[in-house]
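# no FASTA, just this:
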């Protein structure tokens, strides 16, 4: 299988979600919400592919416990993807670089077809 890639899957609530895996197989971005339809999930991936290279579409945040993370925003500035929590601001910035590099990938694996 090719990496980086987006994977479409169903969560425990049977909602469609996506995750972006980097070339080292790590998850570097996940859907900010579940989607009722696969089409909406695919549309969210398209937005990530389009917006990920641009710094203006990242919102740098901190959890209540002080862990840095980021969200990738859609065209209407809604959260579309979320990173993991990082140990430092420097690590968060490296995560953003990874998503900028890997986010435009056109490789999408639909795991709902395998697990149907």
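On my side now, so go ahead. It should be emphasised that the depicted structure is a prediction, and the values quoted were computed from it without experimental measurement.
# can you give me the buried ones in stretch 40-49?
For stretch 40-49, a neighbour-count test (16 or more other Cβ atoms under 10 Å) marks 41-42, 44-45, 47-49 as buried. The C-beta positions use only the backbone N, C-alpha and C, and glycine is treated the same way.
# residue ranges of the strands in this protein, please?
For the chain, the strands defined by DSSP state E cover 5-10, 16-21, 27-31, 58-62, 68-73, 79-82, 108-110.
# will you turn the ones you listed into CSV that also has distance to residue 96 and mean pLDDT?
Below are the strands of the chain laid out as CSV (distance: least, Cβ to Cβ, whole Å; pLDDT from 0 to 100):
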stretch, distance to residue 96, mean pLDDT
strand 5-10, 17, 97
strand 16-21, 12, 98
strand 27-31, 9, 97
strand 58-62, 6, 97
strand 68-73, 6, 97
strand 79-82, 11, 96
strand 108-110, 21, 96
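# contacting residues for the most centrally placed residue in the chain?
By Cα atoms, centre = their mean, the chain has its centre lying nearest to residue 29, at 2.9 Å. Contacts here follow Cβ atoms under 8 Å, 6 or more residues apart in numbering; on that basis residue 29 touches 19-20, 48, 72, 81-83, 99, 103.
# the strands of the chain: which one's closest to residue 91?
With Cβ to Cβ as the measure, strand 68-73 is the member of those nearest residue 91 (7.3 Å).
# partners of the closest one, with directions?
Paired with strand 68-73 in the same sheet, following DSSP bridges, are strand 58-62 (antiparallel), strand 79-82 (antiparallel).
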